[in-house]
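Trainee: okay, predicted coordinates and the sequence, questions at the end:
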Amino acid sequence: MKDNNVKIFIAELIGTMVLVLGGCGTAVLATGGFPIDADNGLGLSVGVLGVAIAFGLTVLVMAYAIGPISGCHINPAVTLGMVIAKKTQASMLPIYWAAQIVGGIAGALVIKIIASGVKGWKMPSGAGAFATNGYGKLSPGGFSLGAVAVAEVILTALFVLVVIHTTRKDFAPGFGGIAAGLMLTLVHLISIPVSNTSVNPARSFGVALFKGGDALSSQVWAFFVFPFIGAIIAALIATYVLTEDKKVTSSAA
């Protein structure tokens with residue numbers, strides 16, 4: 001593996017770990033699951049808005065931290081879209097995907113270690129437990145597989161389209177992280193009640209691996225398939241509909 005490929009692998013691993021730790025960690029640790037008053041059971045909760053912002057902030061921050069190294073995909077669906085849109089070489093796909101999956105697992109492991117620091121802590125059960133994604137009985141709002149499919153495909157497509165278009169030559173330099181971070185925040189605000197929001201197979205697999213049960217054995221497949229379909233749609237739109245003017249060499253700003 002070339003030195004540059006090693007840097008990309010490490011950057012994507014760290015970035016995906018931070019995404020899972022920041023977003024899923026907020027969902028697990030800061031939504032009332034750990035009482036701050038043992039007598040009356042009051043818990044500290046940032047709510048859906050806080051979780052959505054946490055996911056958005058991780059993308060925004062990491063875009064500037066590792067963007068110059070790897071482009072800050074930190075999402076297998078984003079990498080697939082970038083490859084189809086010819087923004088990333090197809091030969092790099094295995095490197096990105098391997099780093100992202102490992103990073104997702106590492107982030108979930110850190111969350112579990114932290115959560116286990118509370119005496120008597122046990123892995124939670126039910127819909128959305130340990131920030132897992134799901135449909136039907138494992139959907140936070142009880143949404144069907146069809147509803148989850150529509151949400152995940154469309155929202156992944158919109159998110160990936162935003163990411164692809166921030167790499168256009170006519171896009172204002174330095175603002176890509178802001179656009180992607182805000183879009184991911186919006187995506188979570190819409191779909192946390194639906195599927196607990198995936199749009200990212202690495203994020204879904206990492207927490208499902210530690211949660212186990214149906215979240216891993218019978219449902220995590222959906223959060224590979226639907227985000228990948230969304231990424232393909234986004235890449236095709238970017239390539240054949242909202243085409244980039246190759247003659248533009250600098251931002252209009």
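Mentor: Perfect, thanks for sending it. Numbering: from 1, shown residues only.

Trainee: all contacts plus neighbour counts: C-alpha atoms, from now on.
Mentor: OK.

Trainee: and stretch 211-230, how far out from the chain's middle?
Mentor: 13 Å (Cα atoms, centre = their mean, to the nearest Å).

Trainee: before we move on, what about stretch 172-186?
Mentor: Taking Cα atoms, centre = their mean, the mean C-alpha location of stretch 172-186 is offset from the chain mean by 14 Å.

Trainee: list the buried residues of it.
Mentor: Taking 16 or more other Cα atoms under 10 Å as the neighbour-count basis, stretch 172-186 is seen to contain the buried residues G176, G177, I178, A179, A180, G181, L182, M183, L184, T185, L186.

Trainee: quick check: chain neighbours aside, which residue is closest to the fourth one?
Mentor: The reference is to A179. With Cα to Cα, 6 or more residues apart in numbering as the criterion, A179 has its nearest non-adjacent residue at 7.2 Å, and that residue is V162.

Trainee: what about that neighbour, how many neighbours?
Mentor: Neighbourhood size, V162 [other Cα atoms under 10 Å]: 19.

Trainee: for G134, same thing?
Mentor: By other Cα under 10 Å, the residues close to G134 number 35.

Trainee: same question for A222.
Mentor: For A222, the number of neighbouring residues by other Cα under 10 Å comes to 20.

Trainee: tell me the mean pLDDT for stretch 50-67?
Mentor: Per-residue pLDDT over stretch 50-67 has a mean of 97.

Trainee: residues touching it, excluding its own?
Mentor: Around stretch 50-67, the neighbours that count as contacts under Cα atoms under 8 Å, 6 or more residues apart in numbering are 11-12, 15, 18-19, 22-24, 26-27, 71-72, 176-178, 180-189.

Trainee: contacting residues around stretch 172-184?
Mentor: 52, 55-64, 159, 162-163, 166-167, 251-253.

Trainee: contact partners for G107?
Mentor: Under the contact definition (Cα under 8 Å, 6+ apart), the residues listed for G107 are T16, M17, V18, L19, V20, L21, G206.

Trainee: let's see it at 10 Å
Mentor: Listed by Cα atoms under 10 Å, 6 or more residues apart in numbering, the contact partners of G107 are 13-25, 101, 203, 206-207.

Trainee: in the host helix or strand of A63, which residues are buried?
Mentor: Counting by DSSP states H and E, the element that carries A63 is helix 47-70. By neighbour count on 16+ other Cα under 10 Å, the buried set for helix 47-70 is 48, 50-67, 69-70.

Trainee: give the buried residues for stretch 68-84.
Mentor: Buried residues in stretch 68-84, defined by neighbour count with 16+ other Cα under 10 Å: 69-84.

Trainee: pull the distance from it to the chain's centre.
Mentor: On Cα atoms, centre = their mean, the centre of stretch 68-84 falls 11 Å from the chain's centre.

Trainee: export only the CA atoms of that stretch, formatted as PDB.
Mentor: What follows is stretch 68-84, C-alpha atoms only, in PDB (Å, rounded to 0.1, in the frame of the first residue of the first chain):
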ATOM      1  CA  PRO A  68      -7.400  17.600   2.700                       C
ATOM      2  CA  ILE A  69      -6.100  14.000   3.200                       C
ATOM      3  CA  SER A  70      -9.000  11.800   2.200                       C
ATOM      4  CA  GLY A  71     -11.900  14.100   1.200                       C
ATOM      5  CA  CYS A  72     -13.600  13.100   4.400                       C
ATOM      6  CA  HIS A  73     -16.100  10.600   3.000                       C
ATOM      7  CA  ILE A  74     -16.400   8.700   6.400                       C
ATOM      8  CA  ASN A  75     -19.400   6.900   4.800                       C
ATOM      9  CA  PRO A  76     -19.300   4.000   2.300                       C
ATOM     10  CA  ALA A  77     -22.400   5.500   0.500                       C
ATOM     11  CA  VAL A  78     -20.500   8.700  -0.100                       C
ATOM     12  CA  THR A  79     -17.500   6.900  -1.400                       C
ATOM     13  CA  LEU A  80     -19.700   4.900  -3.800                       C
ATOM     14  CA  GLY A  81     -21.300   8.000  -5.000                       C
ATOM     15  CA  MET A  82     -17.900   9.700  -5.500                       C
ATOM     16  CA  VAL A  83     -16.600   6.800  -7.500                       C
ATOM     17  CA  ILE A  84     -19.600   6.700  -9.800                       C
END
